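Next come a sequence and a model predicted from it.
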Number of protein chains: 2
Amino acid sequence: MSRALVDNAAALVTRMRAGERRAIAAVATELERLSAAAPALLAAMQPYLGNALVVGFTGPPGAGKSTLINAYLKQLRHEGKTVGIIAVDPSSPVSGGAILGDRIRMTAGYGDDGVFIRSLASRGYLGGLSPAAVRVIDALDAAGKELILLETVGTGQSEIDIAEVADVRVVIAAPGLGDDIQAMKAGLIEIADVLIVNKADREGAERTLQQLLGAQSIRASDTALPVLKTTAITGAGVPEMAMAIAAAGARAHAAAPQLRRRRRARYLIARAAADIIARRVREGGEGPLEALADEVLAGRITAEAAALRLLEGAS
Amino acid sequence: MSRALVDNAAALVTRMRAGERRAIAAVATELERLSAAAPALLAAMQPYLGNALVVGFTGPPGAGKSTLINAYLKQLRHEGKTVGIIAVDPSSPVSGGAILGDRIRMTAGYGDDGVFIRSLASRGYLGGLSPAAVRVIDALDAAGKELILLETVGTGQSEIDIAEVADVRVVIAAPGLGDDIQAMKAGLIEIADVLIVNKADREGAERTLQQLLGAQSIRASDTALPVLKTTAITGAGVPEMAMAIAAAGARAHAAAPQLRRRRRARYLIARAAADIIARRVREGGEGPLEALADEVLAGRITAEAAALRLLEGAS
């Protein structure tokens, strides 16, 4: 199978480019698993990579991310755009990791060849994109999807990953977050390209909007941050959101495709290196690490200084 | 000043132990800044370290964490326990990083000498405990506070840090998170020692509780996970939550104090190492890293393999 795939990589990519759903699924799976066929597939895909706009959605649970992504998907299809969706669920023995994806699939319908949805399990606790998820971006990109939407559950590592991997970051808030919106603002403003107040028909939406509008004035970047109201269940505000994302996307696409892909690869490497170090440190037990930990506990050196010594002594 | 502090470290620690608020504040500040006086202070504090129970609160914005911590604080003071609180706000030029702490301070009152609250800015985007925040734990611990409560805004890095640093992890959910609760569950169950459904007087609380109760059956640990309802604004369920935290705390305290502190130091070192690597990778640009990134992009090696080569070549 895999041998055959290596030989037929070009043919498979051609079928994928023609929109054949089974071909896209097969390529996504090979990349996800980083099988022996992956290098040949990526080589055949090379001319078609880097065109898709990767749009990441983040925001706390309960903000209505899935419903808004559904409404946005409808808008994009209305505009004739092709769409790939990668939904990353926390690994779950109960759900099999497909809650978010299934929710979108139910409403988007199976019949539309302009949409391809892949659900993936996240890695480790508190979510996070797996390297596999990032590789699936390439599959959907080469398949010609013009937009690739990333959805996670919006906690822990998944928020950080979305911020690093996407070309355009959409941060979704909603009324009912209470004063937490004030504290969230400072963190979110640094990553957002578009800020959304969803559930705009609810009480308190205007207040939430005003709180977020204040964020614009303290933004370091000279690009204005669009802050928009949407009501995902009726679709109100969604065309405006689509325009704001497109505008942010045009700026992101000023960078060469290869540079954007390389940024993602670098992030994957950094994440993997951090995991390796965390594992080493957690398992630890050897003399040098214990000694460093005790130096830190005694206040004689900073954790940063200890980390530098650890990295220097790593090889 | 700092010279005088080094000479008078023992005297300052004695005053701190006697509950003198200004002494606690001064020690916390020296440790926070890791000043020249920090080693002498930590040496003088050594006999008093490792007794406090560190309770971390996490959960999405809007779950009502601050209100619940306030209610818990009242319960603890009613039981005669002394409490330290570390509130970590995302760094904000607007708030000065003291939204969460101020909210608790307003209700807890300034007059109570059994409570010490320190607000700290988080580091980087999407929150996260600074190493300074972890060092402040030692100050409140040596001051004799029996419980130290950690509050963050509950997104991104802050959730991960709380999970790693606390002895007991309290995860707070609330009705109104919609189906996200299903997806959150899998991630949260791995870190929770106590699961709370706050705003239990709201519609949908029972459904949320039932969804979380299902989490117990898939838990790897053989310790049952308490899942409790609270209504923070009335205080309902808070005594039961306090008992559940105390029971989880008794298990956590079975580990030697030095081991628990060392676990925190190790985590600080791992986080610092990850930051150093992320910075190197982001700045990158040199030949070896670019070459590794291209190998990953071509699907010839995994990000993990690239990270290993990077770590080996780091020194």
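On my side now, so go ahead. Numbers count the residues shown, from 1 in each chain, chains lettered A, B, ... in the order given.

And the residue nearest the centre of chain A?
residue A:162 (3.4 Å; Cα atoms, centre = their mean).

pretty sure that residue contacts residue A:129?
Yes: counting by Cβ atoms under 8 Å, residue A:162 touches residue A:129, with 7.1 Å between them. Where C-beta positions appear, they are placed from N, C-alpha and C, glycine not excepted.

shared neighbours of these two, anything?
Residues within reach of residue A:162 and of residue A:129 at once, by Cβ atoms under 8 Å, 6 or more residues apart in numbering or on different chains, are A:150, A:152.

rewinding a little: and the residue nearest to the centre of chain A, how close does it get to residue A:50?
Distance, residue A:162 to residue A:50, using Cβ to Cβ, to the nearest Å: 19 Å.

can you check residue A:15 too?
Residue A:15 is 21 Å from residue A:50, by Cβ to Cβ.

hmm, back to that, so what's the residue nearest to the centre of chain A closest to, chain neighbours aside?
residue A:56 (3.8 Å; Cβ to Cβ, 6 or more residues apart in numbering or on different chains).

Provide the secondary structure category for residue A:275.
With DSSP: H, G, I helix; E, B strand; the rest coil as the basis, residue A:275 sits in helix.

Work out the gap between the strand or helix carrying residue A:32 and the centre of the chain.
Taking DSSP states H and E as the criterion, residue A:32 maps to helix A:21-33. Here helix A:21-33 is found 19 Å from its chain centre; the criterion is Cα atoms, centre = their mean, to the nearest Å.

Pull up the distance across stretch A:46-56, start to finish.
Terminal residues of stretch A:46-56 lie 23 Å apart, using Cα to Cα, to the nearest Å.

Okay, domains of chain A per the record?
Annotated domains of chain A cover A:1-48, A:50-254, A:264-312 [automatic domain parsing].

Would you confirm that residue A:245 contacts residue A:196?
No: with contacts counted by Cβ under 8 Å, residue A:245 stays clear of residue A:196, the gap being 9.9 Å.

anything in contact with each of those two?
Shared contacts of residue A:245 and residue A:196 (Cβ under 8 Å, 6+ apart): residue A:170.

Compare these two (neighbour count), which wins?
residue A:196 (33 against 25; other Cβ atoms under 10 Å in any protein chain shown).

so where is chain A shaky, pLDDT-wise?
Scanning chain A for pLDDT under 70 picks out the ranges A:1-3, A:90-110, A:125, A:179, A:183, A:185-186, A:215-222, A:284-287, A:313-315.

who does the helix holding residue A:32 touch, helix- and strand-wise?
helix A:2-7, helix A:9-17, helix A:38-45, strand A:115-121, helix A:131-142 (3 or more Cβ pairs under 8 Å, 6 or more residues apart in numbering or on different chains; DSSP states H and E).

change it to 10 Å
Packed against helix A:21-33 by the contact rule (3 or more Cβ pairs under 10 Å, 6 or more residues apart in numbering or on different chains; DSSP states H and E) you find helix A:2-7, helix A:9-17, helix A:38-45, strand A:83-89, strand A:115-121, helix A:131-142.

still on that earlier bit, what distance separates the helix or strand encompassing the residue nearest to the centre of chain A from the centre of its chain?
Per DSSP H and E, residue A:162 falls inside helix A:156-165. Here helix A:156-165 is found 6 Å from its chain centre; the criterion is Cα atoms, centre = their mean.

Okay, helices next: where are they in chain A?
A:2-7, A:9-17, A:21-33, A:38-45, A:65-78, A:99-108, A:131-142, A:156-165, A:180-189, A:205-217, A:238-252, A:257-283, A:287-297, A:303-312 (DSSP state H).

what are the C-alpha coordinates of stretch A:58-67, in PDB please?
C-alpha atoms of stretch A:58-67 as PDB (Å, rounded to 0.1, in the frame of the first residue of the first chain):
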ATOM      1  CA  THR A  58      -9.900  30.700  19.700                       C
ATOM      2  CA  GLY A  59     -11.800  31.900  22.800                       C
ATOM      3  CA  PRO A  60     -13.200  30.400  26.000                       C
ATOM      4  CA  PRO A  61     -15.600  27.400  26.100                       C
ATOM      5  CA  GLY A  62     -19.200  28.700  25.800                       C
ATOM      6  CA  ALA A  63     -18.300  31.600  23.400                       C
ATOM      7  CA  GLY A  64     -20.000  29.700  20.600                       C
ATOM      8  CA  LYS A  65     -17.000  28.900  18.400                       C
ATOM      9  CA  SER A  66     -18.500  25.900  16.600                       C
ATOM     10  CA  THR A  67     -21.800  27.700  15.800                       C
END
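
From the chain's centroid, how far away is that stretch?
On Cα atoms, centre = their mean, the centre of stretch A:58-67 falls 14 Å from that of its chain.

Is chain B within reach of it?
Yes: using Cβ under 10 Å from any Cβ of the partner chain, stretch A:58-67 comes into contact with chain B via A:58, A:59, A:60, A:61, A:62, A:63, A:64, A:65, A:66, A:67.

what about the fifth one, neighbour count?
When you say that, I think you mean residue A:62. 26.

thought it was touching residue A:202?
No: Residue A:62 lies out of contact with residue A:202 (Cβ atoms under 10 Å); the separation is 11.6 Å.

Need the overlap of contacts for the two.
Counting by Cβ atoms under 10 Å, 6 or more residues apart in numbering or on different chains, the contacts common to residue A:62 and residue A:202 are A:174, A:176.

if I look at residue A:12, how far off is chain B?
Going from residue A:12 to chain B by Cβ to the nearest Cβ, to the nearest Å gives 14 Å.

Residue A:252 too?
Taking Cβ to the nearest Cβ, one finds residue A:252 at 17 Å from chain B.

Quick one: residues contacting the residue lying closest to that residue once chain neighbours are set aside.
The spatially closest residue to residue A:252, leaving aside those adjacent along the chain, is residue A:167, at 4.0 Å (Cβ to Cβ, 6+ apart). Going by Cβ under 10 Å, 6+ apart, residue A:167 touches A:52-56, A:147-148, A:193, A:245, A:248-249, A:251-253, A:255, A:260, A:263-264.

Among the residues of stretch A:58-67 next to chain B, find me the one that's closest to residue A:113.
residue A:66 (22.0 Å; Cβ to Cβ).

The closest one is in contact with residue B:180, isn't it?
Yes: applying Cβ under 10 Å as the test, residue A:66 and residue B:180 come out as touching, 8.0 Å apart.

Residue A:43 contacts residue A:142, doesn't it?
No: if you go by Cβ under 10 Å, residue A:43 and residue A:142 don't touch, sitting 11.1 Å apart.

Any chance you could list residues touching both of those two?
Common neighbours of residue A:43 and residue A:142, counting by Cβ under 10 Å, 6+ apart, are residue A:13.

neighbour count winner among the two?
Each of residue A:43 and residue A:142 has its neighbours counted (other Cβ under 10 Å); residue A:142 has more, 26 against 15.

Check the gap between the nearest residue to the more buried one once chain neighbours are set aside and residue A:117 for me.
The shortest distance from residue A:142 to any residue other than its chain neighbours is 3.9 Å, reached at residue A:45 (Cβ to Cβ, 6+ apart). Separation of residue A:45 from residue A:117 (Cβ to Cβ) stands at 20 Å.

ok, now residue A:166?
Taken as Cβ to Cβ, the span from residue A:166 to residue A:117 is 17 Å.

who has more neighbours, those two?
Comparing residue A:166 with residue A:117 by other Cβ under 10 Å, the one with more neighbours is residue A:166, at 24 against 21.
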